[in-house]
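**Q** can you look at this prediction? I've put the sequence above it.
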There are 2 protein chains.
Amino acid sequence: MPVTLQDVAKLARVSTKTVSRVVNNQSEISEETRQRVQAAIEQLGYQPNFLARSLVSRRSNTLAVVAWGLEYYGGPLRTVVGIQRQADELGYSLLLQLVQHPSDMDFNAVLGTLVARQVDGIVWAIPEIGDNRMWFQSKRLMQLPPMIFLSMQSRPGMSVIAANNRLGAAQATQHLLDLGRRKIGLITGPLDWWEARERRDGWYGALMQAGLEPLPALMVEGDWSPASGERGLDLLLSRRPDLDAVFVSNDQMALGVLRVAQKLGRRVPQDLAVVGFDNIPESGFFCPPLTTVYQRMTEVGCAAVEQLHKIIQARQQGREATDPVTILLATELVIRASSVEEP
Amino acid sequence: MPVTLQDVAKLARVSTKTVSRVVNNQSEISEETRQRVQAAIEQLGYQPNFLARSLVSRRSNTLAVVAWGLEYYGGPLRTVVGIQRQADELGYSLLLQLVQHPSDMDFNAVLGTLVARQVDGIVWAIPEIGDNRMWFQSKRLMQLPPMIFLSMQSRPGMSVIAANNRLGAAQATQHLLDLGRRKIGLITGPLDWWEARERRDGWYGALMQAGLEPLPALMVEGDWSPASGERGLDLLLSRRPDLDAVFVSNDQMALGVLRVAQKLGRRVPQDLAVVGFDNIPESGFFCPPLTTVYQRMTEVGCAAVEQLHKIIQARQQGREATDPVTILLATELVIRASSVEEP
DNA sequence: TTGTAGGCGTTATCAA
DNA sequence: TTGATAACGCCTACAA
């Protein structure tokens, strides 16, 4: 039923190879036959079959994205958008593989499918949580298509791209310090997340550098949810009633913080300055609008595909070894009314 | 380099067909050879090649999702999550195709790619805006793999799945009526969106049914953004200072509405009851928490894949004609403090 | 400039 | 129960 090269060839009274040449814009063809073939193609509505092409050319022009947590907005979602944009640019299609749980999942099964489908490369966009990177320690990486890992600790032999979480957190904390705040609390994400630890370390470093002590009492662990932000601020204030600022590790928790502050009659930013992380679209409309750290996850996605493309090209041309890279993209502080009265 | 059926066959001293039988769990094979082949498979680490399999079986076990606006959270994102879940269930992989613009895009190019890649079915998850469905009016649909359209006007010959936007808006409005509100404003989405019109119609119908007149002055058109929600409420109040409730067509605009209300000193919900649409994760933490309409977009995604699967199976078994369906999933009102003091 | 033959890795047919 | 052999649709050598 579907039209094949053969059909076109028959209609145009040429060989399949000739049609192939026309389709692939290869030179060495007379303008006349070219026209004739083109006409036949259009008449029949011929569409080349990618599967057959991939089979013989040993390239599927497909990249896989393994991700989790799209529904939590922050990172993964914007990353996927960036990945798609760059993939389009370079002529790849995207095989999306969302997983239900970020840690205890069957990597073997997922990777098996991707390998079976002959993807040219894989973007691993699952956050590093606990030891869910252990699997890759083994040398199996060699047997897989090229992979790029997003948002994880840099490791030898693996290419990693991420936003500079630590720098971002330091920026946020420094901003609060510059405003004259001295009792700066921290609400972290779950500390088995690499990103949460990095943000904590940024806060920690900034305080140290300012000659202040990052006391444990100033720190509370949240779980990224608004509710945990509420609990977090409650706890912090009960420990340190004189708290004058808080860096919250994502915007959703910051939303909870703002709620509690209002409920308790602490004015933001006069009594309590608040800075979040992520810059989700709503954050500019919180009460008050939230100062936050913007991480360009879209660009992380783009960079991932670019890297992957380089590696794929290199491998195909026989140049086997491409050195793994680690790229940390700078973050940007978006200053709004939750930290400065007149931003 | 990669291990093929042949390699396994050679090692196990059987024919390729026999190996194929083992791999595909076909019966009619002696336990002895079966064991031998299995051993060879494991020894070599054989992985079947999906491309080759698809080529000959004329099934790629791949579904395409064409979507736009993942970054706006509301519908598309959760839909994709649902699609993925059901696709996993049924053994399909997902080819994701995000487009940059929802209306003026080159459908031909997108569909061409998908056809070339031999996808078994397509979920069209781009919102209906203006006349961006025109393309499909032509009979070309017949030449394409089975398609399901999400969130659009029901049309003959096309399968459509959506949340019941009109019902949801009516629920929201009825809720406000039940609370005794009588001057109920509306902030719509862009009216060239089908979903925006449906929500407007729901509001309209509920007011009519209550014997109230849905005056044009009660209606303002927004663009889904928080900023447009702010402008919307400003405008409504300038026209009708006695407004006592407003139904806002999405949560993001509702966020803007809440901000303006607070700025103007209108107490929510005492002076002004507010209901949104979408139930984004943050909405429970707005000030005050937002009453809103929850549309189960995840289930819409699941249903889409289920339908697609049915059609694909039918086609493959020769039963060509499967009647197009239209499915509208019920919405659910989530009552919070923006409409009721003690929810 | 064009055509022929063979192969990519798998499944299906039909005979042994 | 098994095995040759021919597809599937395309591309690449190599000839013509």
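**A** Everything's here; your move.

**Q** nearest residue to the most far-flung residue of chain A relative to its centre in space, ignoring adjacent ones along the chain?
**A** Distance from the C-alpha centroid of chain A peaks at residue A:13, with 50.7 Å (CA atoms, centre = their mean). Among residues not flanking residue A:13 along the chain, residue A:36 sits closest, at 7.7 Å (CB to CB, 6 or more residues apart in numbering or on different chains). C-beta here means a position set from N, CA and C on the backbone, and glycine is covered the same way.

**Q** please identify the helix or strand for that neighbour.
**A** Per DSSP states H and E: residue A:36 is located in helix A:31-44.

**Q** please identify the buried residues of that helix?
**A** A:33, A:36, A:37, A:40, A:41, A:44 (16 or more other CB atoms under 10 Å in any protein chain shown).

**Q** apart from its neighbours in sequence, what residue is nearest the residue of the stretch 101-250 of chain A found nearest DNA strand C?
**A** At 8.1 Å from DNA strand C, residue A:116 is the closest residue in the stretch 101-250 of chain A, using CB to the nearest atom of the strand. Sequence neighbours aside, residue B:50 is the residue nearest to residue A:116 in space, at 4.7 Å (criterion: CB to CB, 6+ apart).

**Q** pick out the residue nearest the middle of chain A.
**A** residue A:79 (3.5 Å).

**Q** residues near residue A:134, how many?
**A** Residues contacting residue A:134 under the criterion other CB atoms under 10 Å in any protein chain shown number 9.

**Q** and what of the one 10 residues further on?
**A** By the measure other CB under 10 Å, the count of residues near residue A:144 is 14.

**Q** please apply the same query to residue A:225.
**A** Neighbour count for residue A:225, taken as other CB under 10 Å: 18.

**Q** ok, it - contacts?
**A** Taking CB atoms under 8 Å, 6 or more residues apart in numbering or on different chains, we find residue A:225 in contact with A:252, A:253, A:256.

**Q** pretty sure the last one contacts residue A:234?
**A** No - using CB atoms under 8 Å, residue A:256 is not in contact with residue A:234; the gap is 9.7 Å.

**Q** the two: which has the busier surroundings?
**A** Legend: neighbour count by other CB under 10 Å for residue A:256 and residue A:234, higher for residue A:256 (25 against 16).

**Q** quick one: that one is in a helix?
**A** Yes - under DSSP: H, G, I helix; E, B strand; the rest coil, residue A:256 sits within a helix.

**Q** ok, now which ones touch it?
**A** With contact set as CB under 8 Å, 6+ apart, residue A:256 has these partners: A:225, A:226, A:227, A:228, A:229, A:230, A:231, A:232, A:233, B:285.

**Q** near DNA strand D, which of these show up?
**A** Applying CB under 7 Å from any atom of the strand to those, one finds that nothing falls near DNA strand D.

**Q** follow-up on the earlier one: if I look at the residue nearest to residue A:116, how far off is residue B:310?
**A** Distance, residue B:50 to residue B:310, using CB to CB, to the nearest Å: 23 Å.

**Q** looking at the two, which one has more neighbours?
**A** Taking neighbours as other CB under 10 Å, residue B:50 and residue B:310 compare with residue B:50 leading, 24 against 14.

**Q** roughly how far does that one sit from residue A:106?
**A** To residue A:106, residue B:50 is 18 Å away according to CB to CB.

**Q** next one: residue A:131
**A** Taking CB to CB as the measure, residue A:131 and residue A:106 are separated by 15 Å.

**Q** quick one on the thing from earlier: what is the helix holding residue A:36 packed up against?
**A** Packing partners of helix A:31-44 (3 or more CB pairs under 8 Å, 6 or more residues apart in numbering or on different chains; DSSP states H and E): helix A:5-12, helix A:16-23.

**Q** redo those as TSV? Include mean neighbour count.
**A** TSV is the format used below for these (neighbours: other CB atoms under 10 Å in any protein chain shown):
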stretch	mean neighbour count
helix A:5-12	18
helix A:16-23	18
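
**Q** so which of the ones you listed gets nearest residue B:61?
**A** Closest of those to residue B:61 is helix A:5-12, at 23.9 Å (criterion: CB to CB).

**Q** briefly note if that closest one comes near chain B.
**A** No - Helix A:5-12 stays clear of chain B (CB under 8 Å from any CB of the partner chain), getting no nearer than 12.8 Å.

**Q** follow-up on the earlier one: among the contacts of residue A:256, name the ones in strands.
**A** Among those, no member falls in strands (DSSP state E).

**Q** what are the buried residues along stretch A:250-270?
**A** Of the residues in stretch A:250-270, A:250-261, A:266, A:268-269 count as buried by neighbour count, 16+ other CB under 10 Å.

**Q** with the residues you listed in mind, which one is nearest to chain B?
**A** For those, the closest approach to chain B (CB to the nearest CB) belongs to residue A:255, at 4.8 Å.

**Q** contact partners for that closest one?
**A** Contacts of residue A:255 (CB under 8 Å, 6+ apart): A:226, A:229, A:282, A:283, A:286, A:290, B:282, B:285.

**Q** which two from these end up farthest apart in space?
**A** Within these, A:229 and A:282 form the most distant pair, 14.0 Å apart (CB to CB).

**Q** so where's the stretch 51-200 of chain A shaky on pLDDT?
**A** Scanning the stretch 51-200 of chain A for pLDDT under 70 picks out A:73-74, A:138-139.

**Q** show me where it has helices.
**A** Taking DSSP state H, counting those that start in this stretch, the helices of the stretch 51-200 of chain A run over residues A:74-90, A:107-116, A:165-178, A:194-209.

**Q** distance from the longest one to the middle of the chain?
**A** So that's helix A:74-90. 8 Å (CA atoms, centre = their mean, to the nearest Å).

**Q** next up, the contacts around the residue in the stretch 101-250 of chain A that chain B sits nearest to.
**A** Using CB to the nearest CB, the closest approach of the stretch 101-250 of chain A to chain B is made by residue A:226 at 4.0 Å. Counting by CB under 8 Å, 6+ apart, residue A:226 touches A:252, A:253, A:255, A:256, A:259, B:281, B:282, B:284, B:285.

**Q** swap the cut-off to 6 Å and go again
**A** Contacts for residue A:226 (CB atoms under 6 Å, 6 or more residues apart in numbering or on different chains) come out as A:252, A:255, A:256, B:285.

**Q** and which of these is nearest residue A:171?
**A** Residue A:171 has its nearest neighbour among the contacts of residue A:226 in residue A:252, at 19.6 Å by CB to CB.

**Q** quick one: what helix or strand has that closest one in it?
**A** Residue A:252 belongs to helix A:251-263 when assigned by DSSP H and E.

**Q** what angle do that helix and helix A:74-90 make?
**A** Relative orientation of helix A:251-263 versus helix A:74-90 (axes from the mean of the first three to the mean of the last three CA atoms, to 10 degrees): 140 degrees.

**Q** now the phi/psi pair for the residue farthest from the centre of chain A, please.
**A** Reported as degrees, to the nearest 10, the phi and psi values for residue A:13 are phi 60, psi 40.

**Q** residue A:301 versus that one, what's the distance?
**A** According to CB to CB, residue A:13 and residue A:301 sit 48 Å apart.

**Q** with residue A:322 instead?
**A** Residue A:322 is 20 Å from residue A:301, where distance means CB to CB.

**Q** what mean pLDDT does stretch A:326-336 get?
**A** If you average the pLDDT over stretch A:326-336, you get 97.
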